[in-house]
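K.L.:
Generate coordinates for the sequence data below:
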Amino acid sequence: MKIQVMVIFFVAVTTCAMGITKVERKPLTPEERAKLMEVRQRQTGGFLEIKGSGHLAILNAGTEITEGSVREVLKPLVEFIRGLNVEVRSAPPFALASARAEREKAGAGACVFVVDDPTLPMSLIALEEGWGMLNLAPLREGTPDAAKFALRFRKELIRITSVVFSGARSQYKVSPLQGVMSVADLDKTVGDQYGIDTMMNVMKHLPDIGVVPDQRITYREACRRGIAPSPTNDYQKAIWEKERMVPRNPMTIEFDPKKGK
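P.N.:
Next up, the predicted model:
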C-alpha cells in the first residue's frame, strides 16, 4: 500500500513539474524584433568577414585522377572548416629530393602528391616538411574493378591528408584512419569518411602551418584585436570609441631625487 501511495505521489509531482516548466513563448512582434536587433547591434557592432590566408594543396603528378574526384573526397573537410582553401593543381614527376621545394613553390602550408610509380611505396609522409605522397600503383594490387580502385583511392587520400594535415588517428570507425599496414588492411577498414576528431585536429593545426581560414567575428572583437576597419554606423562608432578610449587623467609618475639615490 505504501508503495502504491509513493508511486501516485511521484506521478503527481512529476506531472505538476512538467506543467510548471512548460512555457509557451509568444512570437515576437516586428517592433520587438527590431528592438532586439538594435540591442544586439549596440552590444556587438555586427559581424565582419575576415579574409583568411594560406592554403593546402593536392599536387597531381600526371595521373589519371581528376580534380573533381579529389574535391569530392575533400568536400566534408572543406565544408567543416569554413573558409579553408585547398588547391588542386598539376605537378611535375615526384622526386623525394625536390618534394619540399615543390610544396614551397605551390605556396602551400602542407600538400599531398598523387603519383603513379611502381617503385615507390603506397605512401610517404614527411610531417616536418609538410608533405605526403599517395601512390596509385600499389592500389591496383589484385586488379580491382573501377569501383574498388576508386574506394581505395578515397580511403588512402583521407588517410594521408588526415596525417599530413595533422590528424594522427581517428577514434571513430567511420574513418579509415586506423591501423593499416597494407592494401589488404585498407580493404578491411569499414569507414570511408573523415572522423570528427581528425577534422578538429586539422582545424587546430592550421595556424601552425600558416593557414588561417575565414573568420566571422563581432566588430567589438575586431576592435580588441586591433584589426577593425573604421566604423560605418553609430553602433560601431560607439564600440570603436569605447574600446580605443584613453584615460582622461592618465597616471603620472614623478621622479623623487631622494628615493632615486
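K.L.:
neighbours of the closest residue to residue 108 other than its chain neighbours, just the number please.
P.N.:
Sequence neighbours aside, residue 57 is the residue nearest to residue 108 in space, at 3.7 Å (criterion: Cβ to Cβ, 6 or more residues apart in numbering). Any C-beta I mention is one placed from the backbone N, CA and C, and that applies to glycine too. Residue 57 has 23 neighbours, counted by other Cβ atoms under 10 Å.
K.L.:
give the contact list for residue 57.
P.N.:
Contacts for residue 57 (Cβ atoms under 8 Å, 6 or more residues apart in numbering) come out as 86, 87, 88, 89, 103, 106, 107, 108, 110, 111, 112.
K.L.:
Out of these, which sit inside helices?
P.N.:
103, 106 (DSSP state H).
K.L.:
most neighbours, which of the contacts of residue 57?
P.N.:
residue 111 (29 neighbours).
K.L.:
Assess the claim that that one and residue 55 are in contact.
P.N.:
No: between residue 111 and residue 55 there is no contact under Cβ atoms under 8 Å: 9.4 Å.
K.L.:
ok, which stretches of the chain are strands?
P.N.:
Using DSSP state E, the strands of the chain run over 47-50, 56-60, 86-90, 110-115, 123-126, 131-135, 215-218.
K.L.:
Tell me which residues are up against the fourth one.
P.N.:
Here strand 110-115 makes contact (Cβ under 8 Å, 6+ apart) with 56-61, 63, 65, 70, 91, 93-94, 99, 102-103, 130-136, 157, 160-161, 164-165, 209, 211.
K.L.:
what about 7 Å?
P.N.:
56-61, 63, 65, 91, 94, 99, 103, 130-136, 160-161, 164-165, 209 (Cβ atoms under 7 Å, 6 or more residues apart in numbering).
K.L.:
for the third one, same thing?
P.N.:
Counting by Cβ under 7 Å, 6+ apart, the neighbours of strand 86-90 from elsewhere in the structure are 55-60, 67, 70-71, 74, 78, 106, 108.
K.L.:
Distance from the chain centre to stretch 72-92, please.
P.N.:
11 Å (Cα atoms, centre = their mean, to the nearest Å).
K.L.:
Give me the buried stretch members for it, please.
P.N.:
73, 74, 77, 81, 84, 85, 86, 88, 91 (16 or more other Cβ atoms under 10 Å).
K.L.:
if we take those residues, which one ends up nearest to residue 36?
P.N.:
Using Cβ to Cβ, residue 81 comes nearest to residue 36 of those, at 31.0 Å.
K.L.:
Do I have it right that that closest one meets residue 211?
P.N.:
No: Residue 81 is beyond contact range of residue 211, at 9.3 Å (criterion: Cβ atoms under 7 Å).
K.L.:
count of neighbours near the nearest residue to residue 172 once chain neighbours are set aside?
P.N.:
Nearest in space to residue 172, with sequence neighbours left out and distances taken as Cβ to Cβ, 6+ apart, is residue 195 at 3.9 Å. Using other Cβ under 10 Å, the number of residues around residue 195 comes to 22.
K.L.:
Give me the phi and psi angles of residue 195.
P.N.:
Per-residue torsions, residue 195: phi -80, psi 150 (degrees, to the nearest 10).
K.L.:
can you tell me which residues contact it?
P.N.:
170, 171, 172, 174, 175, 177.
K.L.:
if you set the cut-off to 10 Å instead, what comes out?
P.N.:
By Cβ atoms under 10 Å, 6 or more residues apart in numbering, the residues touching residue 195 are 158, 162, 167, 169-178, 201.
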